[in-house]
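>>> Coordinates only, no sequence provided:
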C-alpha cells in the first residue's frame, strides 16, 4: 500500500514539474511563430518598398525617355525649320544672283532684265521671227494668258502655252543661223523660272552637237514620267514663280555635247503631255556661268 502511494506521489511530482516545461515550450513556439510572422511582414514590406522603388525608377526612366523623345522631336522640327529657311534663302539667292553671272545664252528674258546683263550676253536665241523662232509642233499648244509680274517681278510678258486636244504637245526654239555653245563647260548651269497650280510633268530637251551629229539630253520635271523620261526634279505648285537650275555637267553626263557649232536646228524644246488644259508657264530661261561664291 505504501509502495503504491509513493508511486502516485512520484508521478504527480513528475507531472507537475513537466507541465510548466510544456507550457514554456508552447510559449517559445508561439514567440517563434510571432517572430516568423514579423519577419515575413518585414520581408513583404521590403519587397513592396523595392517594388515601389522599381516602379518609381521605371516611371522616372519613362519620363526621361519621353523628355528625350520630346527633345529629339523638337530638335527635328527645328532642323526641318532650318532646312526650309535655308531652302527659301537658297531660292531667293538663286533668283537674286541669276543676273549676276557671266556669259549668258538667252532663250527667254524680258527687256528690263536684259538691260542688267547687256554686256554679258554671249548669244541671244530669243524668238525674233527672222532667224530665231518658237515653233509649236502641229498646233499641239495654244497661247496662254500672261498677266501679273514675271519671274523677276517685272510687269512684262513671259511664255505661256496651254495643251490642246491633239493628245500630245511639243514646241521648240529653232535657230536658222549659227548656234555656238562650244564655250559652255561644267561650270555653267541652265536656269529657268516655272510656275503652276497643277501637278503635270514637263520635259525639257537640250540639243547639241558631238562633232558628227546632233545629240540631245532630256530632263523630266514633275512627279510622273513623261515621254519615257523619268522625273529628276520638281518645284512647288502654288501658282508662284519657282527657280529651277540644272547643272550643265548633269546634261553632259547624259550625252549632251557642244563640240562644234551647228545651225538650222532646235536648241531647246518642251513637252507637256496630252492632257488638254495643261499649262506651261516659263520665264527667265538661259544658260550662264554663275558668280563664284
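Nice, I can see it. Being a predicted model, the structure only gives us computed values, none of them experimental.
>>> what pLDDT does residue 13 get?
Reading off the per-residue confidence, residue 13 sits at a pLDDT of 41.
>>> And residue 60, by the same measure?
The predicted structure scores residue 60 at 61 on the pLDDT scale.
>>> and if you look at residue 192?
Turning to residue 192, the model gives it a pLDDT of 97.
>>> is it in a bridge, and if so with what?
Here residue 192 sits in beta bridges with residue 244, as judged by DSSP bridges.
>>> Report the contact partners of it.
If a contact means C-beta atoms under 8 Å, 6 or more residues apart in numbering, then residue 192 has 108, 204, 244-245, 282-286 as its contacts. In short, each C-beta sits where N, CA and C put it, glycine included.
>>> Mark out where each domain of this protein begins and ends.
Residue ranges for each domain of the chain read 1-97, 103-289, as given by automatic domain parsing.
>>> rewinding a little: now for the contacts of residue 192: which two are most distant?
Pairwise distances across the contacts of residue 192 peak at 14.8 Å for 108 and 245 (criterion: C-beta to C-beta).
>>> Number of residues surrounding residue 230?
Summarising burial for residue 230: neighbours were counted as other C-beta atoms under 10 Å, giving 11.
>>> so the residue lying closest to it once chain neighbours are set aside, which of the three states?
Counting by C-beta to C-beta, 6 or more residues apart in numbering, residue 230 lies nearest to residue 220, which is 6.1 Å off, once chain neighbours are set aside. Going by DSSP: H, G, I helix; E, B strand; the rest coil, the secondary structure assigned to residue 220 is strand.
>>> In the protein, where is pLDDT below threshold?
Along the chain, segments meeting pLDDT under 70 span 1-94.
>>> residues in contact with residue 146?
For residue 146, the contacting residues are 157-160, 281, by C-beta under 8 Å, 6+ apart.
>>> next one: residue 207
With contact taken as C-beta under 8 Å, 6+ apart, residue 207 is in contact with 214-216, 265-269.
>>> can we see that at 7 Å?
Neighbouring residues of residue 207 by C-beta atoms under 7 Å, 6 or more residues apart in numbering: 214, 216, 265-268.
>>> what's the burial count for the residue nearest to residue 230?
Using other C-beta under 10 Å, the number of residues around residue 220 comes to 21.
>>> my guess is it contacts residue 226, does it?
Yes. Using C-beta atoms under 7 Å, residue 220 is in contact with residue 226, at 5.4 Å.
>>> shared neighbours of those two, anything?
Here residue 220 and residue 226 share the contacting residues 201, 203, scored by C-beta under 7 Å, 6+ apart.
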